[in-house]
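Visitor: Any chance you can model this:
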Amino acid sequence: MAKIKIAIIGAGREGSSLYYCFRMKPNVQIVGIADVTGQGLGTDDAIKDGVMVTQSIGDIVSIEGLDVIVETTKRP
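Guide: Numbers count the residues shown, from 1 in each chain. Coordinates of the predicted model:
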C-alpha cells in the first residue's frame, strides 16, 4: 500500500504538532513544510528527516504525487 503524501502549511505550534503526529504514522510520508518565515518549531527535525522546508507555497503545490495539504496558519 502506498503512503499518503502530506504537506503542511505553517510551522508554528499547530503545524509542528501535526508534523510530530504524522511522522509517527507508518502510512504517511510528510513531503514538505511551508512557512513564511522559513522556520518554526519542527523545521529543524523536518530537515534532519529529509523533508523539504520552504517559504513558498508554490514549492509545495508542485510536489509530484502530493495527496494532502494541511493548512495550519491563521491566514487562510
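Visitor: name the helices or strands packed onto the helix ranked longest in the chain?
Guide: Longest helix of the chain, by residue count under DSSP state H: helix 13-22. If contacts are counted by 3 or more CB pairs under 8 Å, 6 or more residues apart in numbering; DSSP states H and E, helix 13-22 sits against strand 4-9, strand 28-34, helix 43-48. (C-beta placed from N, C-alpha, C; glycine too.)
Visitor: Centre of the chain to it, how far?
Guide: In terms of CA atoms, centre = their mean, to the nearest Å, the centre of helix 13-22 is found 8 Å from the chain centre.
Visitor: Give me the angle between it and strand 4-9.
Guide: 160 degrees (axes from the mean of the first three to the mean of the last three CA atoms, to 10 degrees).
Visitor: Check the model's average confidence along helix 13-22 for me.
Guide: For helix 13-22, mean pLDDT rounds to 94.
Visitor: Strand 28-34 and that one, what's the angle between them?
Guide: 160 degrees.
Visitor: CA-only coordinates of helix 13-22 in PDB, if you can.
Guide: Extracted in PDB, the C-alpha atoms of helix 13-22 (Å, rounded to 0.1, in the frame of the first residue of the first chain):
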ATOM      1  CA  ARG A  13       2.500  25.400  17.200                       C
ATOM      2  CA  GLU A  14      -0.300  23.700  15.200                       C
ATOM      3  CA  GLY A  15       1.800  22.800  12.200                       C
ATOM      4  CA  SER A  16       4.600  21.400  14.300                       C
ATOM      5  CA  SER A  17       2.300  19.400  16.400                       C
ATOM      6  CA  LEU A  18       0.800  17.800  13.300                       C
ATOM      7  CA  TYR A  19       4.300  17.200  11.900                       C
ATOM      8  CA  TYR A  20       5.200  15.200  15.000                       C
ATOM      9  CA  CYS A  21       1.900  13.300  14.900                       C
ATOM     10  CA  PHE A  22       2.100  12.500  11.200                       C
END
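Visitor: which helices and strands does the strand or helix carrying Val53 pack with?
Guide: Using DSSP states H and E, Val53 sits in strand 52-54. For strand 52-54, the packing partners by 3+ CB pairs under 8 Å, 6+ apart come out as strand 28-34, helix 43-48.
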